[in-house]
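Asks: give the three-dimensional model of this entry:
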Amino acid sequence: MVVGVGSRLPFTAPWLLAPMEGVTEPCFRELVLERNPPLTLGGAFTEFARVFSHVLSRPVLRDHLGERRFPQPVGLQLMGSDVELLAQTAERALECGAPLVDLNFGCPAPGALRTCAGSAMLRDPAALEALIAAVVRASSPAPVTAKIRAGYDDDRDLEQLARAVEQGGAAMLTVHCRTRAEGYSETVHWERIARAVASVKIPICGNGGVRTHGDLERMRRETGCRFVMVGRAALGDPWIFSGHRATAAESAQFLLQYAGLLEERGFPRAGALARVKQLVHFWSAGDLVGEKRGQWLRDAQLLDRIASAVA
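Replies: Residues are numbered from 1 along each chain as shown. Here you go, the predicted structure:
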């Protein structure tokens, strides 16, 4: 019996900002949401909150959600394998203002695998279904969504995993089209997203291989998915959801504002600079970096270099 699928998804548009560890904390998220109106960016997710040995506290959950609110919902993503701890943490997340809870079954990091969390759960569809069902019960009537990879070592169990997510009661399934074994390779398999669409009735969100604004609708057209989630491409161009072609000045202003917000909220300057360099590694917006990416990444005065593009 499918539990709780009637919960209405609160997204304002089909394009979603992916949860990314070390990236989609409130500072970056807020700047992206500010620049993409609700009709072009439908929602976002926090970086995952790891639920390992105890129920997460309300202050920790509030820190993940941040203080600012936007017309678009920001789902709080949880990762863990303990059914009771996850269910109780999800309940607290909703008390803290999360409009929905997302469950991470896709992280391929060794730390997640050691604790049987993230993509480790892909080896046991029955356990995955039971965990989702418990969180759905604890979260009702708010929707619970789930994110998986196409499989652990291969994609042979993709349909079974999709059905487990549906039977557990998730209101949406996001399918990252690479397997755990494929990591973040350049090879993408959108046909796997289409297989998930054909195997269940709940909405599918496709993820993986989006590089341009035009790819968003192309993925929906080619796979039949209802939503598209963007990760690394949004690190290079935060305007990818709207298709706005940022100027070099707009591009530079984003990076400077990001650094400023990080420092304002407690990051040391060196930490803020490291986060900016993380974006510069992918950055394509406004043709700001171009062929000088290596020079920019080695520049100890990177923020001054960026500021010169605004002047």
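Asks: can you tell me the SS state at the nearest residue to residue 153 once chain neighbours are set aside?
Replies: Distances taken as CB to CB, 6 or more residues apart in numbering place residue 181 nearest to residue 153, at 5.0 Å, with adjacent residues excluded. All C-beta atoms are positioned from the backbone trio N, CA, C, and that covers glycine. Recorded secondary structure, residue 181: coil (DSSP: H, G, I helix; E, B strand; the rest coil).
Asks: quick one, phi psi at residue 181?
Replies: The phi and psi values for residue 181, taken as degrees, to the nearest 10, are phi -60, psi -30.
Asks: now for it, how many residues are close by?
Replies: Neighbour count for residue 181, taken as other CB atoms under 10 Å: 15.
Asks: again, but for the one 5 residues further on
Replies: With neighbours defined by other CB under 10 Å, the count for residue 186 comes to 7.
Asks: would you indicate which residues of the biggest helix by length in the chain are buried?
Replies: For the chain, the helix that runs over the most residues, judged by DSSP state H, is helix 248-264. For helix 248-264, the neighbour count (16 or more other CB atoms under 10 Å) marks 250, 251, 252, 253, 254, 255, 256, 258, 259, 261, 262 as buried.
Asks: ok, now how distant is the residue nearest to residue 153 from residue 150?
Replies: Distance check for residue 181 against residue 150: by CB to CB, to the nearest Å, it reads 10 Å.
Asks: circling back: for the longest helix of the chain, packing partners?
Replies: helix 26-35, helix 269-280, helix 302-310 (3 or more CB pairs under 8 Å, 6 or more residues apart in numbering; DSSP states H and E).
Asks: just to be sure, residue 228 is in a helix?
Replies: No - checked against three-state DSSP, residue 228 lies outside a helix; its state is strand.
Asks: burial count for it?
Replies: Neighbours of residue 228 (other CB under 10 Å): 27.
Asks: just the pLDDT for it.
Replies: pLDDT, residue 228: 98.
Asks: let me see the contact set for it.
Replies: Counting by CB atoms under 8 Å, 6 or more residues apart in numbering, residue 228 makes contact with 14, 15, 16, 205, 206, 207, 210, 216, 219, 220.
Asks: how does it look with 7 Å?
Replies: 14, 15, 205, 206, 210, 216, 219, 220 (CB atoms under 7 Å, 6 or more residues apart in numbering).
Asks: where do the helices sit along the protein?
Replies: So, for the chain - with DSSP H - the helices run 26-35, 58-65, 83-95, 110-114, 125-139, 158-168, 190-199, 213-223, 232-236, 248-264, 269-280, 293-298, 302-310.
Asks: buried set for the second one?
Replies: If I follow you right, that is helix 58-65. 61, 62, 63, 64, 65.
Asks: now swap in the first one and tell me
Replies: Within helix 26-35, the residues that count as buried by 16+ other CB under 10 Å are 26, 27, 28, 29, 30, 31, 32, 33, 35.
Asks: nearest spatial neighbour of residue 180, skipping sequence neighbours?
Replies: Using CB to CB, 6+ apart and skipping residues adjacent in sequence, the residue nearest residue 180 is residue 119, 4.0 Å away.
Asks: from the middle of its chain, how far away would stretch 74-82 be?
Replies: Here stretch 74-82 shows a centroid-to-chain-centroid distance of 11 Å under the convention CA atoms, centre = their mean, to the nearest Å.
Asks: can you list contacts of it?
Replies: Residues contacting stretch 74-82 (CB under 7 Å, 6+ apart): 19, 29, 43-46, 48-52, 61, 64-65, 86, 89-90, 93, 98-104, 107, 112, 115-118, 121, 145.
Asks: how many neighbouring residues does the residue nearest to residue 180 have?
Replies: Residues near residue 119, counting by other CB under 10 Å: 23.
Asks: go on, residue 301?
Replies: Residue 301 has 10 nearby residues by other CB under 10 Å.
Asks: the one 4 residues further on too?
Replies: Neighbourhood size, residue 305 [other CB under 10 Å]: 17.
Asks: from residue 273, how far out is it?
Replies: Separation of residue 305 from residue 273 (CB to CB): 11 Å.
Asks: got it, and residue 236?
Replies: Residue 236 is 18 Å from residue 273, by CB to CB.
Asks: so where is the stretch 101-250 of the chain shaky, pLDDT-wise?
Replies: 108-117 (pLDDT under 70).
Asks: try 90
Replies: Residue ranges of the stretch 101-250 of the chain with pLDDT under 90: 106-121, 152-153, 179-188.
Asks: how does this protein divide into domains?
Replies: 15-236, 248-310 (automatic domain parsing).
Asks: make TSV from the ones you listed and add distance to residue 242 to it.
Replies: Formatted as TSV, the domains of the chain follow (distance: least, CB to CB, whole Å):
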stretch	distance to residue 242
domain 15-236	4
domain 248-310	12
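Asks: could you identify which of those domains is most buried?
Replies: Compared across these, domain 15-236 shows the largest average neighbour count, a mean of 20 (mean count of other CB atoms under 10 Å).
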